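Trainee: Return atomic coordinates for the entry below.
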Amino acid sequence: MDIFILGVMEFAVIDIETTGLDHRTDKIIEIAIIIFGEKGIISKYQTLVDPGRPVPVNITQLTGITNLMLKGQPKFDQITNTLNELIEGRVFVAHNVWFDYNFIANEFGILGRTLTTEGVLCSKELAKGFYPNLNKYSLKSLAAIAGYINKNPHRADSDAMAIIEFFNHLIRRFGSPHFLMVSNEKRETIDVKASVNSKIVTNIPESAGIYYMLNRFGKPEYIGKASNLKKRVTTHFQNSNLKNRETTFSDAISEVRYTETSSMWLASLLEDHEIRKYWPRFNRAQKTPVYKYNLHVYEDGKGVKRLAISRSIKKAGLQTFYNRNDAMKTLKFYVDKFNLHPSVCSLPTTGYYNTTQHNNSIDSLMKYIKNLPYTIKVTKGRTVNEYTYLLFEDSSFLGFGITNEVLRMRDIPNLNLNFIKIASSMLCSEILNSQESKSDVLFEYKIARNKLKIPLSSDNGITPKLNTNKLLF
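Mentor: Residues are numbered from 1 along each chain as shown. This next block holds a predicted model:
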């Protein structure tokens, strides 16, 4: 186990309140962080957070946090920089730590950012080491051991303070303790054996990008992203908390490669693509199927062409969306734009319509969608003389390329770039819609489909060539 020594490291003791239990679908409504070090409490931070949705009644009953209290409070993207300053370089501490960690890390990910820490420590698991015979290891039980009366349970600042008081109790009773890091399979920071050549770490740049942990056959076992590649990869080599899963991984690694990117959101985009491309066995997050909403045209038994939205894992139909609201919004836009009758477009209404006129309008819609122009967005590159080009087909992201030239409008149709072709995904959509990625766009072009000839290739020279032979295991 890794040892966190009080006085050598600082701890960010964190507690959050949320709209529910699922970090993928629920939202944070309150967060508190107490920075704790050798001399005790260094600083405190607490804020309510606007989740952008109503708070369930049972959550209000549990926490006392109401919709009125959250009105006018900052949204998560407005406090991200502050949270990063408080957490980065410190040990992330919470009770049932993966609950808090996953919620915060997911919010960072939605914004195209990465939550970086010096380690993760669970106060519940810590208590089990010092008090192995307790009946319960709830925060209330730990507060009782410390003689702390939590007057405001299920509020972030009060619960975080309960963890601090338990820390103080351990120090008073056992002296300045060695805090043991929790090893947990839900964590996706993987440890690499020291036998991998240390020069690899020395040669890795301190820039944003993605890294590949390769086995002796050159096939990726794990792919990750980082705002500082050297710092992130180095932490893998420094850790020693190897349980069975990590030991198996560690024994398999023979090489580390990397690809630099101009920003963290582009690193997140490329990481998502590369994981889906290679499916490394130690990456888990992107392997859960994500349902999509596809806009279809079909003809019924009476010869009427109808519009409908279907839910499936695969992309199909005229257009694909990653949430139902976007699909319905687009459907309603098309109904208005092409004067379609709502009753034959999966929308509730009644009334007369002319079948021939309606079918002709559907044909016009299909032609319209087929001829929607490409969009090329230009952002900064990895150096001052480099630019990144993002290619979109309607709302779907197709890929990106890198060039050392700033091209004029008339040059765009003849771009001679090796683009990385990227399969659009829900995470990809969230990254590209983040404020961080939007603010990086320098300018954009609309190009007719018949005028754009860009090679979309996976053999692009941007990412390293890796072994994809599935017979190696």
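Trainee: just the helices in the stretch 201-350 of the chain please.
Mentor: Here the stretch 201-350 of the chain has its helices, by DSSP state H, counting those that start in this stretch, at 229-238, 244-252, 264-278, 324-337.
Trainee: list the contacts for the nearest residue in space to Leu111 that is not next to it in sequence?
Mentor: The shortest distance from Leu111 to any non-neighbouring residue, by C-beta to C-beta, 6 or more residues apart in numbering, is to Ser434 (4.8 Å). Quick note: C-beta positions are derived from backbone N, CA and C, even for glycine. Taking C-beta atoms under 8 Å, 6 or more residues apart in numbering, we find Ser434 in contact with 77, 110-112, 265.
Trainee: what does Ser123 give?
Mentor: Contacts for Ser123 were tallied using C-beta under 8 Å, 6+ apart; they are 93-95, 97, 139, 142, 163, 166-167.
Trainee: Buried residues, stretch 212-219. List them.
Mentor: Using 16 or more other C-beta atoms under 10 Å as the test for burial, stretch 212-219 gives 212-215, 218-219.
Trainee: Output the residues you listed as a markdown table; include the columns pLDDT and distance to Thr234.
Mentor: Formatted as a markdown table, the buried residues of stretch 212-219 follow (pLDDT from 0 to 100; distance: C-beta to C-beta, whole Å):
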| residue | pLDDT | distance to Thr234 |
| --- | --- | --- |
| Tyr212 | 88 | 16 |
| Met213 | 83 | 13 |
| Leu214 | 82 | 17 |
| Asn215 | 77 | 20 |
| Gly218 | 77 | 22 |
| Lys219 | 80 | 23 |
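Trainee: Model confidence for the residue nearest to Leu111, exactly?
Mentor: At Ser434, the model reports a pLDDT of 73.
Trainee: quick one on the thing from earlier: buried among the contacts of Ser434? Make that a PyMOL selection.
Mentor: To isolate the buried ones among the contacts of Ser434 in PyMOL, judged by 16+ other C-beta under 10 Å, type:
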select buried, resi 110+111+112+265
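Trainee: nearest to Ser439, of the contacts of Ser434?
Mentor: The nearest member of the contacts of Ser434 to Ser439, counting by C-beta to C-beta, is Trp265 at 9.7 Å.
Trainee: Now the closest one: closest residue in space, sequence neighbours ignored.
Mentor: Closest to Trp265 by C-beta to C-beta, 6+ apart is Gly112, at 3.0 Å.
Trainee: again, but for Asp363
Mentor: Taking C-beta to C-beta, 6+ apart, and ignoring the residues beside it in sequence, Asp363 has Lys305 as its nearest neighbour in space, at 7.7 Å.
Trainee: just to revisit the earlier point, of the contacts of Ser123 - the most surrounded one?
Mentor: Most neighbours among the contacts of Ser123, by other C-beta atoms under 10 Å: Val93, with 30 neighbours.
Trainee: Just list whatever residues bridge to it.
Mentor: Judged by DSSP bridges, the bridge partners of Val93 are Val13, Leu121.
Trainee: hang on, it packs against Ala32?
Mentor: No. In this structure, Val93 is not within contact of Ala32 by C-beta atoms under 8 Å, at 12.0 Å.
Trainee: Show me whatever sits in contact with both of those two.
Mentor: Joint contacts of Val93 and Ala32 (C-beta under 8 Å, 6+ apart) are Ile14.
Trainee: related to what we said a few turns ago, so is the residue nearest to Trp265 in a helix, a strand, or just coil?
Mentor: The three-state assignment at Gly112 reads coil, by DSSP: H, G, I helix; E, B strand; the rest coil.
Trainee: Quick one: find the helix or strand in this protein with the lowest mean pLDDT.
Mentor: Ranking every helix and strand in the chain by mean pLDDT, DSSP states H and E puts strand 178-180 at the bottom, with a mean of 45.
Trainee: now, which of the buried residues of stretch 212-219 sits nearest Ile149?
Mentor: The shortest approach to Ile149 among these belongs to Met213, at 47.5 Å (C-beta to C-beta).
Trainee: The closest one pairs with what?
Mentor: As for beta bridges, Met213 partners with Tyr222, Val256 under DSSP bridges.
Trainee: circling back to that earlier point, hmm, the residue nearest to Trp265 is touching Glu271, no?
Mentor: No. Counting by C-beta under 8 Å, Glu271 is not a contact partner of Gly112; they are 10.6 Å apart.
Trainee: Measure how buried Thr114 is and give me the count.
Mentor: As a measure of burial, Thr114 has 21 neighbours, counting by other C-beta under 10 Å.
Trainee: got the contact list for it?
Mentor: Residues in contact with Thr114 (C-beta under 8 Å, 6+ apart) are 108, 225-227, 264, 267-268.
Trainee: Burial check on Arg276, number of neighbours?
Mentor: If you count neighbours by other C-beta under 10 Å, Arg276 ends up with 17.
Trainee: For it, give its distance to Ile402.
Mentor: Distance, Arg276 to Ile402, by C-beta to C-beta, to the nearest Å: 20 Å.
Trainee: Then Ala144?
Mentor: Ala144 sits 58 Å away from Ile402, going by C-beta to C-beta.
Trainee: which of these two has more neighbours?
Mentor: Between Ala144 and Ile402, Ile402 has the larger neighbour count (other C-beta under 10 Å), namely 19 against 15.
Trainee: got a pLDDT number for the residue nearest to the more buried one when sequence neighbours are not counted?
Mentor: Nearest-residue entry for Ile402: Thr388, 5.6 Å, with adjacent residues in sequence omitted and distances by C-beta to C-beta, 6+ apart. Thr388 is assigned 81 on the pLDDT scale.
Trainee: related to what we said a few turns ago, return the member of the buried residues of stretch 212-219 nearest to Gln357.
Mentor: Each of the buried residues of stretch 212-219 was checked against Gln357 using C-beta to C-beta; the closest is Tyr212, at 56.4 Å.
Trainee: I'd assumed Ser254 was in contact with the closest one.
Mentor: No. Under the criterion of C-beta under 8 Å, Tyr212 makes no contact with Ser254, lying 11.5 Å away.
Trainee: Need phi/psi at Glu125.
Mentor: Here is the backbone geometry of Glu125 (degrees, to the nearest 10): phi -70, psi -30.
Trainee: and what of the one 10 residues further on?
Mentor: Main-chain torsions, Asn135, degrees, to the nearest 10: phi -70, psi -40.
Trainee: circling back to that earlier point, out of the contacts of Ser123, which sit inside strands?
Mentor: Among the contacts of Ser123, the ones falling in strands (DSSP state E) are 93-94.
Trainee: As JSON lines, the contacts of Ser123 with distance to Asn450 and pLDDT would be great.
Mentor: Shown next, in JSON lines, are the contacts of Ser123 (distance: C-beta to C-beta, whole Å; pLDDT from 0 to 100):
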{"residue": "Val93", "distance to Asn450": "58", "pLDDT": "92"}
{"residue": "Ala94", "distance to Asn450": "55", "pLDDT": "94"}
{"residue": "His95", "distance to Asn450": "60", "pLDDT": "93"}
{"residue": "Val97", "distance to Asn450": "55", "pLDDT": "89"}
{"residue": "Leu139", "distance to Asn450": "63", "pLDDT": "92"}
{"residue": "Leu142", "distance to Asn450": "67", "pLDDT": "92"}
{"residue": "Ile163", "distance to Asn450": "62", "pLDDT": "94"}
{"residue": "Phe166", "distance to Asn450": "67", "pLDDT": "90"}
{"residue": "Phe167", "distance to Asn450": "66", "pLDDT": "86"}
